[in-house]
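Peer 1: Here's my sequence, what's the structure:
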Amino acid sequence: MNSRIIRETVLSLNGLKIKLQFKLVKNITLRIKETGDIFLTAPIGMSVSEVQRFLESREQWLRQKLQQVLQEQLQQKQEPKYSMGELPFDGQHVWLWGRRLPVHFLLSSKKHGTYEVQADAVNFYYRSELNNEAKCAFVEFFYKQELAGRGEQLLQAWEKKMGVRHTGLKVHRMKTRWGSCNVRTGGINLNTLLACWPQECLEYIVVHELAHLHEANHSPRFHAIVERYLPEWRERKKMLAAFKPL
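Peer 2: Residues are numbered from 1 along each chain as shown. Here you go, the predicted structure:
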């Protein structure tokens, strides 16, 4: 079917502006874009007056749908945003394995930089007053330590199952990647902030990176390897993309 625009104009419906496009189509189509713009496609044989009568018969439906679109726009603007690589710390809470926990900074005689994960909170111990920058550094250190420990455990467990061996783990914050593998040396890199995501996400990344020690590229063979060892990897990947530590 040829969808080329033959003629176009703008119609008005009690204050609403509708962009009318005549095309080589059989049916009239009315749609509202996410921006709130209204488009109507009509067969070239229809007159503008016929189109206008069609619009008038659909005015109530059109206004209801338009209101719905505008409400969704407002909701999206009000929802907090998270940018990958941003440190999830609001000064009062941290995230650990998918859970948002209160954080307490406590003056103590314990070694500076010590922390304790409890069932419902995380305690950070310090010997001298911390400014906001120091608190953020403390929190990043916490994420890095937690990720390094759990990441190494998972790497050792999965490399036995997959018949490969990694030569070392490096943990650091990344803005565009969750992990990487040096197939030449066997070294694995993991994003520090994976400590904030559910552990299922970390496990998926571990299996993904170890699979590269079998197949360097993201080829069908590579995905077959991931599928063999972690059949639910697609669900884990979706969880990784959908979760937001806000």
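Peer 1: Return the set of buried residues in stretch 149-157.
Peer 2: 150, 151, 152, 154, 155 (16 or more other C-beta atoms under 10 Å). Every C-beta, even on glycine, is put in place using the N, C-alpha and C of the backbone.
Peer 1: what about the last one, distance to residue 194?
Peer 2: Residue 155 sits 13 Å away from residue 194, going by C-beta to C-beta, to the nearest Å.
Peer 1: Repeat that for the third one.
Peer 2: Residue 152 is 13 Å from residue 194, where distance means C-beta to C-beta.
Peer 1: send the alpha carbons of the lowest-mean-pLDDT helix or strand in the chain over as CSV?
Peer 2: Every helix and strand of the chain was ranked by mean pLDDT, DSSP states H and E. The lowest is helix 59-78, at a mean of 85. Output in CSV follows, covering the C-alpha atoms of helix 59-78 (Å, rounded to 0.1, in the frame of the first residue of the first chain):
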residue,chain,number,x,y,z
GLU,A,59,-14.8,14.4,19.4
GLN,A,60,-15.7,12.9,22.8
TRP,A,61,-13.4,9.9,22.3
LEU,A,62,-10.6,12.2,20.9
ARG,A,63,-10.7,14.5,24.0
GLN,A,64,-10.6,11.5,26.4
LYS,A,65,-7.6,10.0,24.6
LEU,A,66,-5.9,13.4,24.5
GLN,A,67,-6.4,13.9,28.2
GLN,A,68,-4.9,10.4,28.9
VAL,A,69,-1.9,11.2,26.8
LEU,A,70,-1.3,14.6,28.6
GLN,A,71,-1.7,12.9,32.0
GLU,A,72,1.0,10.3,31.0
GLN,A,73,3.2,13.1,29.9
LEU,A,74,2.8,14.9,33.2
GLN,A,75,3.5,11.7,35.2
GLN,A,76,6.7,11.0,33.2
LYS,A,77,7.9,14.5,33.9
GLN,A,78,7.3,14.1,37.6
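Peer 1: next structured bit after it?
Peer 2: strand 93-96 (DSSP states H and E).
Peer 1: Quick check: next helix or strand after that following strand?
Peer 2: Heading C-terminal from strand 93-96 (DSSP H and E), you reach strand 99-107.
Peer 1: what packs against the next helix or strand after that following strand?
Peer 2: Counting by DSSP H and E, the next helix or strand C-terminal to strand 99-107 is strand 115-117. Counting by 3 or more C-beta pairs under 8 Å, 6 or more residues apart in numbering; DSSP states H and E, the packing neighbours recorded for strand 115-117 are strand 122-126, helix 132-162.
Peer 1: let's see it at 10 Å
Peer 2: The helices and strands touching strand 115-117, judged by 3 or more C-beta pairs under 10 Å, 6 or more residues apart in numbering; DSSP states H and E, are strand 93-96, strand 99-107, strand 122-126, helix 132-162.
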